[in-house]
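how would this look folded up:
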Amino acid sequence: MTEKQTDPLAVALLSEVHALDTIAKARLQKALPKGMDLSHFMVMNHFARLGGERTPAQLARIFHVTRGTMTNTLNRLETAGYVHIRPDWDDARRKWVALSPAGRSARDYALAAIAPVFADVMETVGRDEIKAALPILRALREYLAEEG
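Presented below is the predicted three-dimensional model:
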């Protein structure tokens, strides 16, 4: 196969990953509480799982979005009272973001709202199949993140 030919297996993989991403996002967005975007939930979930503070630039890298996109998301979360944004006392150009108690509560509420989607997937696809797929999906994500 020459460099210019496309491997049908690679095309099938890309098609499945894209379709899965689109369908999963739509189902999760539909299940989230009114007014909460999936991007808001993902940022709050990140903080709820790992704690601490992050800069907007760090969050943009983590979520593979532009700084402008992350700034918009953080502004909406701050307006809703879900995150606290404070200046960096050592570098006035930088800010630090942390999850607020209201943000943790909103994340927990949203997690409960989307739990049936996950339960349905786990039951239908099967825990063993999902466990087997996770290392492959993780390796793909890590490889593509390095290349990006």
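
for the chain, what are the low-confidence residue spans?
The model of the chain has pLDDT under 70 over residues 1-4, 148.

tell me where it has strands.
83-87, 95-99 (DSSP state E).

okay, those strands, which one's buried deepest?
strand 95-99 (a mean of 18; mean count of other CB atoms under 10 Å). For glycine as for every other residue, the C-beta is placed from the backbone atoms N, C-alpha and C.

who does it touch, helix- and strand-wise?
helix 38-50, helix 56-63, strand 83-87 (3 or more CB pairs under 8 Å, 6 or more residues apart in numbering; DSSP states H and E).

for the second one, list the C-alpha coordinates in PDB.
Listed in PDB are the C-alpha atoms of helix 56-63, where the atom choice follows Å, rounded to 0.1, in the frame of the first residue of the first chain:
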ATOM      1  CA  PRO A  56      -7.300  28.500  31.900                       C
ATOM      2  CA  ALA A  57      -4.400  27.600  29.700                       C
ATOM      3  CA  GLN A  58      -3.900  24.300  31.500                       C
ATOM      4  CA  LEU A  59      -7.600  23.500  31.200                       C
ATOM      5  CA  ALA A  60      -7.500  24.400  27.500                       C
ATOM      6  CA  ARG A  61      -4.600  21.900  27.000                       C
ATOM      7  CA  ILE A  62      -6.400  19.200  29.000                       C
ATOM      8  CA  PHE A  63      -9.600  19.500  27.000                       C
END
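
count the neighbours of residue 77 for me.
25 (other CB atoms under 10 Å).

state the distance from it to residue 124.
Going from residue 77 to residue 124 by CB to CB, to the nearest Å gives 32 Å.

leaving out chain neighbours, which residue sits closest to the residue nearest the centre of the chain?
Closest residue to the average C-alpha location of the chain: residue 42 at 4.2 Å, with CA atoms, centre = their mean. In space, and not counting its chain neighbours, residue 42 is closest to residue 63: 6.7 Å by CB to CB, 6 or more residues apart in numbering.
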